[in-house]
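Asker: Curious how this folds, go ahead:
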Amino acid sequence: MPIKHTYPESVANEVKTALSHFPELAEVSIEFKFKNKIRKSTMQAQPEFWRFFRKKSKRKYKILISESFRIGDSIYFTKNIPSNVLIGWFGHELGHIRDYQGRSGINLIGFGLGYLFSEKAMKRAERTADSFAIAHGMETYILATKNFILNEANFSERYKGRIKRFYLSPEEIMILVKEREEQAEQSRQEG
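Answerer: Okay, the predicted model is just below:
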């Protein structure tokens with residue numbers, strides 16, 4: 001049986017924890033890979049281009065991880081970020097992969113173009129990825145990541161503004177958690 005998930009040893013525990021929240025991705029080929037620099041981002045999930053038009057079960061995905069990023073005058077190495085923050089980042093990227101899985105090849109191309117050229121499409125994509133992670137019980141990690149970016153690390157106000165503009169806020173996350181818990185309770189009562 002081929003290995004479905006590959007990742008750098010330095011982030012193995014965080015990747016495994018994030019993947020444990022997405023059991024439906026157990027048979028999906030995902031490569032986690034460090035990259036020297038990713039424009040405007042710390043991580044990026046993407047389908048392998050040449051596999052867009054294959055059956056969804058045959059697609060392969062990559063999660064690119066920026067090796068380092070600048071905060072103020074300091075350079076931080078991603079592998080040294082707090083574990084729960086990395087798990088949240090990975091969970092968000094796995095949320096993108098869950099979103100991609102439901103899309104046809106043509107739809108993925110349209111989605112990618114929309115993401116590149118439309119702030120509205122980008123916002124919808126980022127909020128959808130957060131929502132998938134929260135639906136999979138990752139809210140503690142997603143909140144840790146948001147708190148790290150907005151309050152703990154010395155990110156620029158411009159970057160913080162981007163996070164606030166495109167991603168779910170902590171308040172919106174808590175609303176989704178409450179809705180998920182209410183639905184689970186209703187299912188228990190009906191069952």
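Asker: Over to residue 34: give its phi and psi.
Answerer: Per-residue torsions, residue 34: phi -70, psi 140 (degrees, to the nearest 10).
Asker: can you pull the contacts of it?
Answerer: 8, 64-67, 78 (CB atoms under 8 Å, 6 or more residues apart in numbering). In this view, the C-beta of every residue, glycine as well, is placed from N, C-alpha and C.
Asker: same thing with residue 15?
Answerer: Applying CB under 8 Å, 6+ apart, the residues near residue 15 are 5, 7, 32, 90.
Asker: Chain neighbours aside, what residue packs nearest to it?
Answerer: residue 7 (4.4 Å; CB to CB, 6 or more residues apart in numbering).
Asker: Can you give me the neighbour number for that neighbour?
Answerer: Neighbours of residue 7 under the rule other CB atoms under 10 Å: 21.
Asker: now residue 124
Answerer: For residue 124, using other CB under 10 Å, the count is 16.
Asker: Residue 61 falls within a strand, correct?
Answerer: Yes. Counting by DSSP: H, G, I helix; E, B strand; the rest coil, residue 61 is located in a strand.
Asker: Low-confidence ranges, this protein, go.
Answerer: 1-2, 52, 71-72 (pLDDT under 70).
Asker: Number of residues surrounding residue 57?
Answerer: Neighbours around residue 57, by other CB under 10 Å: 9.
Asker: And it, how far from residue 101?
Answerer: 9 Å (CB to CB, to the nearest Å).
Asker: same check, this time on residue 93
Answerer: To residue 101, residue 93 is 13 Å away according to CB to CB.
Asker: quick one: which of these two has more around it?
Answerer: When residue 93 and residue 101 are compared for neighbours, residue 93 comes out ahead with 25 against 16, by other CB under 10 Å.
Asker: element containing the more buried one, please.
Answerer: Assessed by DSSP states H and E, residue 93 sits inside helix 83-101.
Asker: contact partners of the helix or strand following that helix?
Answerer: Sequence-wise, the next helix or strand downstream of helix 83-101 (DSSP H and E) is helix 105-117. Helix 105-117 has contacts (CB under 8 Å, 6+ apart) with 47, 52-54, 100, 103, 121-122, 125.
Asker: thinking residue 63 is in contact with residue 90, fair?
Answerer: Yes. Residue 63 is within contact range of residue 90, at 7.1 Å (criterion: CB atoms under 8 Å).
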